[in-house]
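Asker: Sequence plus the predicted model coming up.
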Amino acid sequence: MLGLDQIATIRIAEAYPRSYLTYGNLDFGTVKGLTVSYDLRRTKNIQFRLAYTLQFADGTGSSAATGFNLVNAGFPNLRVIQPLNFDQRHNIVVSADYRFGEGKDYNGPSTVTKGGKTINWLQNFGVNAIIRAGSGNPFSRQSNIEPTGINDNLGSGFLEGSVNGSSKPWQFRVDMRIDKDILIKWGKGKEGRTPKTTYLNVYVDIQNLLGNLNVINAYRATGNPNDDGYLLAQQSQPAIASQTDEQSFRDLYAVKVNRPTNYSLPRRIRLGLMLNF
């Protein structure tokens, strides 16, 4: 996939009365990838799918503000190929569904009552699981330590290595859904007509079943989601020691930089009903 004429911040040099910044169609990006998948159509009770994607997403800018600092510092409108923010080199998705049918297709546990009626306990019951694993997105590492717990907008980071030359940790997540269809007959059959039927689906949806702490944001100086490096940096010690209560400052600072927004959503459980007619 090739993206052309993407909006970027550009400098209009030697304009009257002076040079200025604006937006222009300058950036471009390319996404190349390969997906290999294996599908097992429903065989008895199980259905299975495995997919692996190898992707390379490169371009001159991930957003319109990517080159802002360069052109704002007086540099010309440079275009350098680099990994884009959404570049994910490896992505693995496994989907499995185990389900019992109804009628002649039912092969689960059953009980015959004294009256001769057969109860199929797991009729129209199923479990679905989706397992996702992927490499982390790139980020630009910086060489200097900043007190982000005090001020987020310092803007004085010095690039270490190349733009988007470092990667965040891998992510792993399991989502599971357990559901059962309950047959509901309503209306009276007239003149040989059968009653109308409706299926009521009762489900439990568990997202992030294992409660994994998947990192989506990391501090540029350390690459960690819960530590910006300020508390351990040698140059920070005089300022920390001058606080009214040094230990209290360290504790509160550590709590602040360990932000929930640096991680994906925690485990969530949803109970629901769905009526199909």
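Answerer: It's in.

Asker: So which residues of the protein form strands?
Answerer: Listed in chain order, the strands of the chain (DSSP state E) span 2-12, 20-43, 46-59, 82-83, 90-99, 110-112, 118-120, 125-134, 138-139, 166-167, 171-186, 196-207, 268-276.

Asker: want to try CSV for these, with mean pLDDT and mean neighbour count as columns?
Answerer: Placement of C-beta: from N, CA and C, glycine included. Shown next, in CSV, are the strands of the chain (pLDDT from 0 to 100; neighbours: other CB atoms under 10 Å):
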stretch, mean pLDDT, mean neighbour count
strand 2-12, 72, 15
strand 20-43, 90, 12
strand 46-59, 96, 16
strand 82-83, 90, 22
strand 90-99, 98, 16
strand 110-112, 90, 10
strand 118-120, 88, 12
strand 125-134, 97, 17
strand 138-139, 94, 21
strand 166-167, 94, 18
strand 171-186, 92, 15
strand 196-207, 92, 14
strand 268-276, 93, 10
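
Asker: right, and these - which one's nearest residue 67?
Answerer: In terms of CB to CB, the element of the strands of the chain nearest to residue 67 is strand 2-12, at 5.5 Å.

Asker: Now do the contacts for the nearest residue to residue 49 once chain neighbours are set aside.
Answerer: Counting by CB to CB, 6 or more residues apart in numbering, residue 95 is the residue found nearest to residue 49 once chain neighbours are left out, at 4.5 Å. Listed by CB atoms under 8 Å, 6 or more residues apart in numbering, the contact set of residue 95 reads 48, 49, 50, 128, 129, 130, 131.

Asker: Now the two most distant members of the residues you listed.
Answerer: 50 and 128, at 14.8 Å, using CB to CB across these.

Asker: Provide the partner residues of the closest residue to residue 29 other than its chain neighbours in its beta bridges.
Answerer: Spatial nearest neighbour of residue 29, excluding adjacent residues (CB to CB, 6+ apart): residue 59 at 2.6 Å. Residues in a beta bridge with residue 59, per DSSP bridges, are residue 29, residue 82.

Asker: on that earlier part again, of all the strands of the chain, which lies closest to residue 250?
Answerer: strand 138-139 (25.8 Å).

Asker: who does the closest one pair up with?
Answerer: For strand 138-139, pairing defined by DSSP bridges yields strand 166-167 (antiparallel).

Asker: So what touches the strand it pairs with?
Answerer: Contact with strand 166-167 is made by 135, 136, 137, 138, 139, 140, 141, 223, as judged by CB under 8 Å, 6+ apart.

Asker: closest to residue 235 among these?
Answerer: Among the contacts of strand 166-167, and counting by CB to CB, the member closest to residue 235 is residue 141, at 18.2 Å.

Asker: now that closest one: how far from residue 57?
Answerer: 19 Å (CB to CB, to the nearest Å).

Asker: circling back to that earlier point, I'd like to know which of the strands of the chain lies nearest to residue 213.
Answerer: That would be strand 171-186 among those, by CB to CB, at 9.8 Å.

Asker: what's that closest one packed up against?
Answerer: On a contact count with 3 or more CB pairs under 8 Å, 6 or more residues apart in numbering; DSSP states H and E, strand 171-186 meets strand 125-134, strand 196-207.
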